[in-house]
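In: below: sequence and its predicted model.
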Amino acid sequence: MHGYNCYNSALKLSRSFLATAPNSLPHWEAHAKLESIRGKLDDARKVYQTLLVASAQPSLRPDESHLWWDWAEMEWLAAQGENALSVILRAARIDGRGGVAILRAKRTLNDFGRECHTW
């Protein structure tokens, strides 16, 4: 029961941080990770969906790449390989599926990695 209380306390603290800084991607990243650690993957997905898909920008915002990485990693560790692949393709702003889409995503992410040191 002790671990449960620690996570609840952490979530309450996270929510208070988000109330004071609702546009802080690092705070949202921490909140999504807390949900994931608790095993609340659907709640973590909602955070990622809201930040990265529903409020998508034409280009990546600072610190956004970490959120994409965390989301794909969460899906992969949950044995949701198709979801992880979808997240990676979305991160690269690639529509479609299959080999060509994956190669285009690889090229896009490699190019971005060369240009940006925060990826």
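Out: Sure thing, it's come through.
In: wait, isn't Ile102 in contact with Leu89?
Out: Yes: with contact defined as Cβ atoms under 8 Å, Ile102 reaches Leu89; the gap is 7.5 Å. In short, each C-beta sits where N, CA and C put it, glycine included.
In: comparing those two, which residue is more hemmed in?
Out: Using other Cβ atoms under 10 Å as the criterion, Ile102 and Leu89 rank with Leu89 on top: 20 against 16.
In: how about the contacts made by that one?
Out: By Cβ atoms under 8 Å, 6 or more residues apart in numbering, the residues touching Leu89 are 95-97, 101-102, 105.
In: against Trp68, how distant is it?
Out: Leu89 sits 11 Å away from Trp68, going by Cβ to Cβ, to the nearest Å.
In: and the end-to-end length of stretch 70-89?
Out: End-to-end distance of stretch 70-89 (Cα to Cα, to the nearest Å): 14 Å.
In: report the distance from it to the chain centre.
Out: 10 Å (Cα atoms, centre = their mean, to the nearest Å).
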